[in-house]
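Asker: take this sequence and fold it.
(one chain, ligands or ions: 1)
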Amino acid sequence: MKRIYFDHSATTPVDPEVATLMLEYMTDKFGNPSSIHSFGREVKKAVDQARQSVADLIGANPNEIFFTSGGTEADNLALKGVAYANRKKGNHIITTAIEHHAILHTCEYLEKQGFSITYLPVDENAMVRLEDVKNAITDQTILISVMFANNEVGTIQPIKEIGQLAREKGIYFHTDAVQAVGNYPIDVNEYNVDLLTLSAHKFHGPKGIGALYVRRGVRLEAQQQGGGQERSIRPGTENTPGIIGLGKAAEIAKRDMNTKIAQVARLRDKLIAGIEAKIPHIKLNGHRTMRAPGNVNFSFLYVEGESLLLNLDLKGIAASSGSACTSGSLDPSHVLLAMGLTHEVAHGSLRISLGRGNTEEEIDYCLEVLPGIIEKLRSMSPLYGTEMQPMSSNPCNLCHRH
Ligand SMILES: *Cc1c(COP(=O)(O)O)cnc(C)c1O
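Answerer: This next block holds a predicted model:
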């Protein structure tokens, strides 16, 4: 059976050109970039080139790019680094209820360290309201962190406006742009961003490498100590194959950005329109237009997300759901709940995240098999039928909570 990969928000395949280049920097060109000899120098040159490529992708200066082990570490470094370097100025941080756990769990940690965190609510489209950001600011606020594009429902936030507001108030602004960088055009100056997180494996680079953009002049405290690499902000011998792979992925992403967005967004819109035409009792999650090019997220009422995923997998389609089943928990997504969905509607959610390798035929195939799977699952649901129950029944029948 042909397998179809519809989970690009989880990770993407490494571009063959990236993999080939990385192999060269593991075997032939294995030197330590800190070494003075030719083995070191040739790698140092390639690391510098990669830093330039990453900077070019987001409109930054290369000396504002710090390589990390990925998005999670860059998020930790941004929040903890700003918090500890600026604690004399204030102890308040503003973020949102729909952030990735790399942000949310770091904020919870900082709360235990004496920082005060405001988790902004979102509207039914997962959009942060500018007015809420404004009202949350106090004279203690040192940092605002709002993600660029949500990893579950794809909503793109008003980053430029939030950044403008932060700048006017003299507050640092960080954005977790892991879902956006390489998939959506970003310029840190246009968007008024002071710190930005990116991760290679979300745009056809390798896993375990990412970067934090830190605008010149931002006060940031290192979160680990060692040799002086990355100007002592993130010491440790560089992951040179990873860095060079990230640089190549950034170069390719910049080169192909416009054609890729057009192609992926067209497939996204076709899939959304097809599902809405063919399947009743559904709800599109996330903003209809301010949406990541590859994101499709629906709730199918009277359907349980995990069963839907398993049935799609049997048909060769790899997608994702909103419930955090990987962690062994039946709790639905914090993002969908923050948008005001009931537990039961949130439980029936499906995320399909498209990438540059997906084709029109794959969309057609999905539209062919999905209605039948939904119908089959609904026919087994005690809630579905001639006397349909309202989905807002409390408590939740699926996770026995409300
Ligand atoms: C994937 C992801 C991360 C984590 O990045 P890793 O490189 O996997 O650690 C953080 N934030 C968002 C929005 C993501 O999608």
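Asker: tell me the contacts of residue 268?
Answerer: 291, 293, 294, 295, 296, 354 (CB atoms under 8 Å, 6 or more residues apart in numbering). Backbone N, C-alpha and C define where each C-beta goes, glycine included.
Asker: which bits of this structure sit near the ligand?
Answerer: 70-72, 75, 100, 102, 147, 151, 176, 178-179, 199, 201-202, 210 (CB under 6 Å from any ligand atom).
Asker: next, count neighbours for residue 233.
Answerer: 19 (other CB atoms under 10 Å).
Asker: what score does it have for pLDDT?
Answerer: pLDDT for residue 233: 97.
Asker: was I right about it contacting residue 214?
Answerer: Yes. Residue 233 is within contact range of residue 214, at 7.4 Å (criterion: CB atoms under 8 Å).
Asker: show me which positions of the lengthiest helix in the chain end up buried.
Answerer: For the chain, the helix with the greatest residue count under DSSP state H is helix 240-278. Within helix 240-278, the residues scored as buried using 16 or more other CB atoms under 10 Å are 240-254, 257, 260-261, 263-265, 267-268, 271-272, 274-275.
Asker: against residue 156, how distant is whichever residue of the chain sits closest to the ligand?
Answerer: Closest residue of the chain to the ligand, CB to the nearest ligand atom: residue 71 (2.4 Å). Noted for residue 71: a distance of 17 Å to residue 156, by CB to CB, to the nearest Å.
Asker: over to residue 336?
Answerer: From residue 336 to residue 156 the distance is 17 Å (CB to CB).
Asker: so for those two, which sits in the more crowded spot?
Answerer: Neighbours per residue (other CB under 10 Å) separate residue 336 from residue 156, with residue 336 holding more: 26 against 22.
Asker: mind pulling up the pLDDT for residue 386?
Answerer: 54.
Asker: and what of residue 321?
Answerer: For residue 321, the predicted pLDDT is 87.
Asker: where exactly do the helices run in the stretch 201-350 of the chain?
Answerer: 240-278, 305-314, 334-338, 343-347 (DSSP state H, counting those that start in this stretch).
Asker: so which bits of the second one are buried?
Answerer: Just to be clear, that refers to helix 305-314. For helix 305-314, by 16+ other CB under 10 Å, it's 305, 307, 308, 309, 311, 312.
Asker: helix, strand or coil for the residue nearest the centre of the chain?
Answerer: Central residue of the chain (CA atoms, centre = their mean): residue 179, 3.5 Å from the mean position. What DSSP: H, G, I helix; E, B strand; the rest coil gives for residue 179 is coil.
Asker: which residues touch it?
Answerer: Residue 179 sits in contact with 9, 147, 148, 149, 150, 151, 154, 202, 292, where contact means CB under 8 Å, 6+ apart.
Asker: take the buried residues of helix 305-314 and lay them out in CSV including pLDDT.
Answerer: Shown next, in CSV, are the buried residues of helix 305-314 (pLDDT from 0 to 100):
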residue, pLDDT
305, 92
307, 94
308, 96
309, 96
311, 97
312, 98
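Asker: residue 112: which of the residues you listed is nearest?
Answerer: When the buried residues of helix 305-314 are compared for distance to residue 112 (CB to CB), residue 305 wins out at 32.2 Å.
Asker: what is the closest residue to that closest one other than its chain neighbours paired to in the beta sheet?
Answerer: Among residues not flanking residue 305 along the chain, residue 321 sits closest, at 3.5 Å (CB to CB, 6 or more residues apart in numbering). With DSSP bridges as the criterion, residue 321 is bridged to residue 350.
Asker: stretch 296-314 spans what distance, first to last residue?
Answerer: Chord length of stretch 296-314, first to last residue, is 20 Å (CA to CA, to the nearest Å).
Asker: distance between it and the chain's centre?
Answerer: 21 Å (CA atoms, centre = their mean, to the nearest Å).
Asker: pLDDT below threshold where in this protein?
Answerer: Across the chain, the ranges flagged by pLDDT under 70 are 322-330, 386-402.
Asker: which segments of it make up each domain?
Answerer: 4-8+257-378, 16-253 (the TED database).
Asker: and those as JSON lines, adding distance to residue 385?
Answerer: Shown next, in JSON lines, are the domains of the chain (distance: least, CB to CB, whole Å):
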{"stretch": "domain 4-8+257-378", "distance to residue 385": "9"}
{"stretch": "domain 16-253", "distance to residue 385": "28"}
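Asker: what number of residues lie near residue 113?
Answerer: Using other CB under 10 Å, residue 113 has 11 neighbouring residues.
Asker: how about residue 303?
Answerer: Neighbours of residue 303 (other CB under 10 Å): 29.
Asker: wait, what's in contact with it?
Answerer: 348, 374, 377, 378, 381.
Asker: repeat that for 6 Å
Answerer: Neighbouring residues of residue 303 by CB atoms under 6 Å, 6 or more residues apart in numbering: 348, 374, 377.
Asker: do the same with residue 317
Answerer: 4, 6.
Asker: check which helix or strand residue 50 maps to.
Answerer: Applying DSSP states H and E as the criterion places residue 50 in helix 38-58.
Asker: what helices and strands are in contact with that helix?
Answerer: strand 65-68, helix 240-278 (3 or more CB pairs under 6 Å, 6 or more residues apart in numbering; DSSP states H and E).
Asker: how about that helix: buried residues?
Answerer: Buried positions in helix 38-58, judged by neighbour count with 16+ other CB under 10 Å: 43-44, 46-47, 49-55, 57-58.
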